[in-house]
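K.L.:
Fold the following, please.
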Amino acid sequence: MGYWRRIWLPFLTYSDLFIKGRDNTVSPLYSWNMSFTIDSAKQFITNKTYDEIKIGDAASLTRTLTRQDIQLFAIVTGDMNPAHLDEEYAKTDVFHQIVGHGMWTGSMFSALLGMYLPGPGTIYLSQTLKFLKPVRIGETITASVKVMSKDDKHHHITFETLCVNERGEHVIEGEALVLAPLEKISWKASPLPEIQMNASTHNFEGWLLGKARQEKPLKVAVVHPVDLHSLTGAVEAARMGLITPVLVGPEKKIRKVAEDAHLAIENYELIPTPHSHAAAAAAVELALQGKVEALMKGKLPTDELMAPVIVREKGLRTGRRMSHVFVLNVPRYPKPLFLTDAAINIRPTLMEKKDIIQNAIDLFRALELGTPKVAILSAVETVNEKLPSTLDATALCKMAERGQISGGMVDGPLAFDNAISREAAAIKGLTSPVAGDADILVVPDIESGNMLYKELRYFSGAQGAGLVMGAKVPIILTSRAGDTENRVISCALALLYARMRE
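P.N.:
Model prediction:
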């Protein structure tokens, strides 16, 4: 069993291709799915041998050019010419709109010669192409090959190759020379891998980084950064002007990681502690003294980091329950998705859920994203006394109506499918401004939230940031397995929230 692989297209604003392979990270928001499969009726691909082919024999193939075709061709070939991918640039080009790659059209000849005439066993020797007209998105192209001559000595066949659009206009003209097969081949069609493409209409991560880099860096206590990801994340965030790190933890371990990874940390303050427990306590003390503006989790468990944070007298408590919010860029979802609480509160009470929701709303609004649609999740969308989460959801909606929760549109209970899918909501007859279009997902407990987050991350490649809300300072908290990019984006989120709160 393989893994999902994701490839970034710079001109496409976070477009992704998922195929079976080894993971190589970067992600998404408006999306489509494409599955490329051999026609089920064509179980076998059968060729025509040299002797079977006659002058005048022909084959044709018709396809309609889509934006997905252009993007997939760009991924496969690496041809990122903005004339094919960037609408703003294309307006200034000779054709004044996006056009397909010329070789996308030309590649239809390869499909015809390799699959139909002559078919398997054919060796391409040469191809001439004369490009006569551009092919625009939505145009239907018919490619054809026709036998013009045969060379019995070398078993070469010369084909006329022609592409025409739906108006009968010649798009490409040319000639192909092939070495035709001598033996009959009938081969079972190989199933192609399923390909899923996801393209973002909203580059949230890019927007977040761009906006954050306009602010003064946030002074951050990085707690126990004794592994590659946590230390690299802090150094990279500092390099980007997001934070000024204060490294807190065992000095020898931190310096060893920096040395092994060739990370320059000489310019950063380093506060030595004997172990991770002491590092967490020291970081909290720095925050209480106003020497740092935020905390950042390194290589230590969440409960170990939070233990000194939640101490009543000497911790970082406020009048509100602390909770964690993930801000995710999820493939196949058209906008950023906020998920809470998947990291801090194990089985929150009704009043604790009120604070959890308010924290997420406050973060959403602090980022100037407008009024969020908040979906309170359960297993079903109807109230059932045997499912306590549905009763909590009902009460929370009433609390929102009465102003006990403010700043967002709140609805629940909603099952996951009808919270994020308009189609699912319509099938179940739900009429709600939140159903099918949620900005914030509120889970019943940490078990469901943690599993949902990891499913989104590992099955669909979700990327994003994590922040603890409700404390005296923001706490940058990602999974210990989170990569450098997650940590950098989380620093940008913390910086914007802190500065906007000021």
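K.L.:
Tell me the secondary structure at residue 447.
P.N.:
In the three-state summary, residue 447 is assigned as helix, counting by DSSP: H, G, I helix; E, B strand; the rest coil.
K.L.:
any idea of the pLDDT on it?
P.N.:
The pLDDT attached to residue 447 in the predicted structure is 96.
K.L.:
do you know how far residue 82 is from residue 106?
P.N.:
Computed with C-beta to C-beta, to the nearest Å, the distance linking residue 82 and residue 106 is 21 Å. Using the backbone N, CA and C atoms, a C-beta is placed for each residue, glycine as well.
K.L.:
out of these two, which sits in the more crowded spot?
P.N.:
In this comparison of residue 82 against residue 106, neighbours counted by other C-beta atoms under 10 Å, the higher total goes to residue 106 at 18 against 15.
K.L.:
which ones are touching the more buried one?
P.N.:
Applying C-beta atoms under 8 Å, 6 or more residues apart in numbering, one finds that residue 106 lies in contact with 127, 129, 163, 172, 174.
K.L.:
Kindly provide the distance from it to residue 250.
P.N.:
Look at residue 106 and residue 250: by C-beta to C-beta, they are 61 Å apart.
K.L.:
Check residue 235 too.
P.N.:
Distance from residue 235 to residue 250, by C-beta to C-beta: 17 Å.
K.L.:
same question, residue 341
P.N.:
When C-beta to C-beta is the yardstick, residue 341 and residue 250 sit 30 Å from each other.
K.L.:
higher neighbour count, those two?
P.N.:
Just comparing residue 341 and residue 250: by other C-beta under 10 Å the higher neighbour count belongs to residue 341, 29 against 17.
K.L.:
which residues touch the more buried one?
P.N.:
323-325, 348, 356, 442-443, 446, 449 are the contacts of residue 341 under C-beta under 8 Å, 6+ apart.
K.L.:
let's see it at 6 Å
P.N.:
For residue 341, the contact set (C-beta atoms under 6 Å, 6 or more residues apart in numbering) comprises 323-324, 356, 449.
K.L.:
One more: residue 324?
P.N.:
341, 343-344, 468.
K.L.:
quick one, phi/psi of the spatially closest residue to residue 497 that is not a sequence neighbour?
P.N.:
If you skip the residues right next to it in sequence, residue 497 has residue 366 as its closest partner in space, 5.1 Å away by C-beta to C-beta, 6 or more residues apart in numbering. The main-chain torsion angles of residue 366 are listed as degrees, to the nearest 10 and equal phi -60, psi -30.
K.L.:
what's the answer for residue 124, then?
P.N.:
Taking degrees, to the nearest 10, you get phi -70, psi 130 for the backbone angles of residue 124.
K.L.:
For the closest residue to it other than its chain neighbours, list each beta-bridge partner.
P.N.:
Nearest residue to residue 124, sequence neighbours excluded (C-beta to C-beta, 6+ apart): residue 178, at 5.8 Å. Note on residue 178: beta-bridge partners residue 124, residue 157, judged by DSSP bridges.
K.L.:
My read is that residue 178 contacts residue 121, right?
P.N.:
No. At 10.1 Å, residue 178 does not count as touching residue 121 under the criterion of C-beta atoms under 6 Å.
K.L.:
Mind checking which of these two has more residues around it?
P.N.:
Set side by side, residue 178 and residue 121 give different neighbour counts by other C-beta under 10 Å, the larger being at residue 178 (22 against 18).
K.L.:
Kindly state the pLDDT recorded for the more buried one?
P.N.:
97.
K.L.:
ok, now how distant is it from residue 48?
P.N.:
If you go by C-beta to C-beta, the gap between residue 178 and residue 48 works out to 12 Å.
K.L.:
and if you look at residue 158?
P.N.:
Computed with C-beta to C-beta, the distance linking residue 158 and residue 48 is 15 Å.
K.L.:
so where's this protein uncertain?
P.N.:
Low-confidence regions of the chain, defined here as pLDDT under 70, cover residues 1-43, 192-202, 480-482.
K.L.:
Would you mind giving the domain segments of it?
P.N.:
Following automatic domain parsing, one gets these domains for the chain: 38-65+100-189, 202-317+471-502, 319-465.
K.L.:
Return the distance of the first one from the chain's centre.
P.N.:
So the one you mean is domain 38-65+100-189. Computed by C-alpha atoms, centre = their mean, to the nearest Å, the chain-centroid distance of domain 38-65+100-189 equals 37 Å.
K.L.:
Check stretch 276-288 too.
P.N.:
Taking C-alpha atoms, centre = their mean, one finds the center of stretch 276-288 at 34 Å from the center of the full chain.
K.L.:
Mind listing residues that contact it?
P.N.:
Contacts for stretch 276-288 (C-beta under 6 Å, 6+ apart): 221, 223-224, 248-249, 271, 273, 292, 295, 300, 304-305, 308-309, 316, 473.
K.L.:
Now do the buried residues in it.
P.N.:
Along stretch 276-288, these residues count as buried under the neighbour rule (16 or more other C-beta atoms under 10 Å): 276, 278-287.
K.L.:
wait, which of the residues you listed is closest to residue 254?
P.N.:
For residue 254, the nearest member of the buried residues of stretch 276-288 is residue 279. The distance, counting by C-beta to C-beta, is 9.8 Å.
K.L.:
Let's verify the closest one: helix, strand, or coil?
P.N.:
Three-state call for residue 279 (three-state DSSP): helix.
K.L.:
I'd like to know how far it sits from residue 273.
P.N.:
Separation of residue 279 from residue 273 (C-beta to C-beta): 4 Å.
K.L.:
if I look at these two, which residues touch both of them?
P.N.:
In terms of C-beta under 6 Å, 6+ apart, residue 279 and residue 273 are both contacted by the residues residue 249.
K.L.:
contacting residues around the closest residue to residue 453 other than its chain neighbours?
P.N.:
Nearest in space to residue 453, with sequence neighbours left out and distances taken as C-beta to C-beta, 6+ apart, is residue 342 at 4.6 Å. By C-beta under 6 Å, 6+ apart, residue 342 lies in contact with 449-450, 453.
K.L.:
now with 7 Å?
P.N.:
With contacts defined as C-beta atoms under 7 Å, 6 or more residues apart in numbering, residue 342 is in contact with 324, 326, 443, 446, 449-450, 452-453.
K.L.:
and if you look at residue 116?
P.N.:
Contact analysis of residue 116 by C-beta under 7 Å, 6+ apart lists residue 59.
K.L.:
about what we covered before: the contacts of residue 342 in strands, which ones?
P.N.:
Using DSSP state E, the members of the contacts of residue 342 that fall in strands are 324, 326.
K.L.:
Reformat the contacts of residue 342 as a markdown table; add distance to residue 414.
P.N.:
Shown next, in a markdown table, are these (distance: C-beta to C-beta, whole Å):
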| residue | distance to residue 414 |
| --- | --- |
| 324 | 21 |
| 326 | 18 |
| 443 | 11 |
| 446 | 19 |
| 449 | 15 |
| 450 | 19 |
| 452 | 13 |
| 453 | 18 |
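K.L.:
quick one: residue 366 from residue 325, how far?
P.N.:
From residue 366 to residue 325 the distance is 11 Å (C-beta to C-beta).
K.L.:
Neighbour count: these two, which is higher?
P.N.:
Residue environment comparison for residue 366 versus residue 325 gives the larger neighbour count to residue 325, 30 against 16, counting by other C-beta under 10 Å.
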